[in-house]
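In: generate a structure from the sequence data that follows.
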Amino acid sequence: QLVDSGGGLVQAGGSLRLSCAVSGLTFTWYSVGWFRQAPGKEREFVAAIGRSGGDTYYQDSVKGRFTISRDNDKDAAYLQMNSLNAEDTGSYYCALILGTAAMVAEEYKYWGQGTQVIVSS
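Out: Okay, the predicted model is just below:
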């Protein structure tokens, strides 16, 4: 089970930290991805992190603003989002993929329920 949390309403330029709590799985077997879906748009890749946390990947539009991390002792992953802008608005989902991280949503096996982020300009 994956539980996403941490979303909310924030002004442009603000920050949020999303969390993904994982249970019922061997967390260290999985890489973690964060995806988002804006109203009327397709789900898109945001960031991913490998099983050990040593490898991270970002969509170009969030590089330098977002940081993905994980705590294998707590079976949790995080997405620190800074300098938020209106284009970051959407529902954010964490997902797990067995083995190596990927940028394609269809390759992920387990999904959280999503947490909504609204950035007001």
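In: which stretch of helix or strand covers the most centrally placed residue in the chain?
Out: For the chain, W34 is the residue whose C-alpha lies nearest the centre (CA atoms, centre = their mean; 2.5 Å). Using DSSP states H and E, W34 sits in strand 30-37.
In: spatially nearest residue to S91 (excluding sequence neighbours)?
Out: Once flanking residues are discounted, S91 sits nearest to G114: 4.3 Å by CB to CB, 6 or more residues apart in numbering. C-betas here are computed from N, CA, C, even on glycine.
In: how far away is the one you found from G53?
Out: To G53, G114 is 23 Å away according to CB to CB, to the nearest Å.
In: same check on A21?
Out: Applying CB to CB to A21 and G53 gives a distance of 16 Å.
In: now do G90
Out: As judged by CB to CB, G90 and G53 stand 25 Å apart.
In: was I right about the residue nearest to the centre of the chain contacting G90?
Out: No. Contact criterion CB atoms under 8 Å: W34 and G90 do not qualify, at 11.1 Å.
In: who has more neighbours out of G90 and G53?
Out: Neighbours per residue (other CB atoms under 10 Å) separate G90 from G53, with G90 holding more: 21 against 16.
In: returning to what we had before: list the contacts for the residue nearest to S91?
Out: By CB atoms under 8 Å, 6 or more residues apart in numbering, the residues touching G114 are 4, 37, 91-93.
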